[in-house]
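Asks: sequence plus the predicted model coming up.
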Amino acid sequence: MSLLNVKVIGLAEFKRAIKRNPASTRKEFDNFLTRAFAIYKRGIGKNPWRMGSSSGGSPVASGNLRQSHRTKRKPFYGSIFPTAPYASYVHGTGGKKTNVKGVQLRPWLTFALQDNDRFIDKELDKMLTAITKDLAK
């Protein structure tokens, strides 16, 4: 179950850079992914989502949901997702305002993405600058 997908703007240029220098580009992307995962995990773990609130990190009752987040990495790909079987019910799907039991939905992954956008953009800029400098050599 993947609840969070990130689209990279400038992907065509990135692909051209990969073809010119694949080892360096992959190294820089892996470094970016490590930093991005750390930022998102901090967002997921901070300030638990409180009932009646409109934002926060992963909701906490027992702590299982928060601890269930895993990362998946492949070349030039990364995702972060919860493995708790009830995560999609808490996060919500299809734009519903309440889940099956009438409990307020808490889309913490969406919030973590939106709340940390500016930090991810800075890391993306660092990565692209490093790739560009390496290609200019």
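Replies: On my side now, so go ahead.
Asks: so which residues of the protein form strands?
Replies: Secondary structure of the chain by DSSP state E: the strands cover 69-74, 77-82.
Asks: include mean pLDDT and distance to Asp117 when you put those into JSON lines, please.
Replies: The C-beta positions use only the backbone N, C-alpha and C, and glycine is treated the same way. Output for the strands of the chain, formatted as JSON lines (pLDDT from 0 to 100; distance: least, Cβ to Cβ, whole Å):
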{"stretch": "strand 69-74", "mean pLDDT": "87", "distance to Asp117": "19"}
{"stretch": "strand 77-82", "mean pLDDT": "86", "distance to Asp117": "15"}
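Asks: what about the helices in the chain?
Replies: Using DSSP state H, the helices of the chain run over residues 11-20, 22-45, 64-67, 87-91, 108-115, 117-136.
Asks: single out the most deeply packed of those helices.
Replies: Comparing the helices of the chain by mean neighbour count (mean count of other Cβ atoms under 10 Å), helix 108-115 comes out on top with a mean of 20.
Asks: can you tell which of the helices of the chain is closest to Tyr77?
Replies: Closest to Tyr77 of these is helix 22-45 (Cβ to Cβ; 8.5 Å).
Asks: other residues contacting that closest one?
Replies: 4, 14, 17-18, 57-58, 66, 69, 71, 73, 75-76, 78, 80, 108-109, 111-113, 115-116, 119-120, 123-124, 126-127, 130-131, 134 (Cβ atoms under 8 Å, 6 or more residues apart in numbering).
Asks: and that helix with strand 77-82, angle?
Replies: Orientation check (axes from the mean of the first three to the mean of the last three Cα atoms, to 10 degrees): helix 22-45 against strand 77-82 gives 20 degrees.
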